[in-house]
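Engineer: Need coordinates for the below:
(chains A and B)
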Amino acid sequence: MKDIFITSERLDSKACTDAVIYPGAGGVVVFVGTVRNKTKGKKVLHLEFETYEKMALIEMQKIADEAKAKWSLDKMVIHHRTGLVPIGEEAVVIACSAAHRKEAFEACEYAIDTLKLSVPIWKKEIFEDGEVWVSAHP
Amino acid sequence: MNIEIIAFGIAKDIIQGKSVAMNLALGATVSDVKKDLIRDYPDFQSLASLKLAVNAEYVSDDYILNENDEVVLIPPVSGG
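Structural biologist: Model (predicted):
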């Protein structure tokens, strides 16, 4: 399995979790971002993700490298889905492991926060009466 | 020089296509491209941010473009 991966197929958070477990790990933290059925009370039908894949993979790799260096992690896996993602399915999975839980928690939070700021992936919410690119406007 | 600027997300909707060809003076910077884009497509002004990537890396406004650069418009990202 690739550590840094973008796919239009379903993500597998269990496989991502298994991939970061190693004998020296004392803590594994996994963040799974799933598609929610509403935004500010408005019903969402599904999401559509678009990526500038070449650059997104580079930026995702940078996040994993920085997190591994800063928190002395052995492994970090970042998988992101693209295309149409139905309600309840996994849009992003970030898994990491460390000797102790504190490092793993902090590294995982850093990774998802940074991904949302820097990785060229765009999310469109599809409603019954229209669609909106998320965060496009202030 | 002619440069093809590739768009993603809402930038695609604003230019109504996947890319836009721009004729730029030699030595033109990212800042010049942004000014031209806002002149041609005022909707770019309403975005929370507008960045450009060159050859799959973010660049600053003073970056000088070359004819063979892969230039991509990066509207506000929203992954995760």
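
Engineer: Taking the centroid of the chain, which residue is nearest it?
Structural biologist: No chain was given, so I picked chain A. In chain A, the centroid-proximal residue (CA atoms, centre = their mean) is A:Val92; its distance is 3.1 Å.

Engineer: ah, I was thinking of chain B
Structural biologist: Note: chain B centre (CA atoms, centre = their mean) maps to B:Leu73, 3.9 Å.

Engineer: Tell me which residues of the helix or strand that contains that residue come out buried.
Structural biologist: In the assignment (DSSP states H and E), B:Leu73 maps to strand B:71-74. By 16 or more other CB atoms under 10 Å in any protein chain shown, the buried positions in strand B:71-74 come out as B:71-74. Where you see a C-beta, it was placed from the backbone N, CA and C, and this is true even at glycine.

Engineer: That one packs against which elements?
Structural biologist: Contact analysis of strand B:71-74 by 3 or more CB pairs under 8 Å, 6 or more residues apart in numbering or on different chains; DSSP states H and E lists strand B:2-7, strand B:51-54 as its packing neighbours.

Engineer: Just name the most buried of the ones you listed.
Structural biologist: strand B:51-54 (a mean of 20; mean count of other CB atoms under 10 Å in any protein chain shown).

Engineer: Show me the contact partners of the helix or strand following that one.
Structural biologist: The helix or strand immediately downstream of strand B:51-54 is strand B:57-58, counting by DSSP H and E. Applying CB atoms under 8 Å, 6 or more residues apart in numbering or on different chains, the contact partners of strand B:57-58 are A:55, A:58, A:118, B:51-52, B:74.

Engineer: In CSV, list those residues along with distance to A:Thr39 and pLDDT.
Structural biologist: As requested, the contacts of strand B:57-58 are exported to CSV (distance: CB to CB, whole Å; pLDDT from 0 to 100):
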residue, distance to A:Thr39, pLDDT
A:Met55, 27, 98
A:Ile58, 29, 98
A:Ser118, 23, 97
B:Lys51, 24, 97
B:Leu52, 29, 97
B:Ile74, 23, 98
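
Engineer: Flag every residue of chain A that's near chain B.
Structural biologist: A:33, A:49-52, A:54-56, A:58, A:80, A:91-92, A:112, A:115-124, A:133-138 (CB under 8 Å from any CB of the partner chain).
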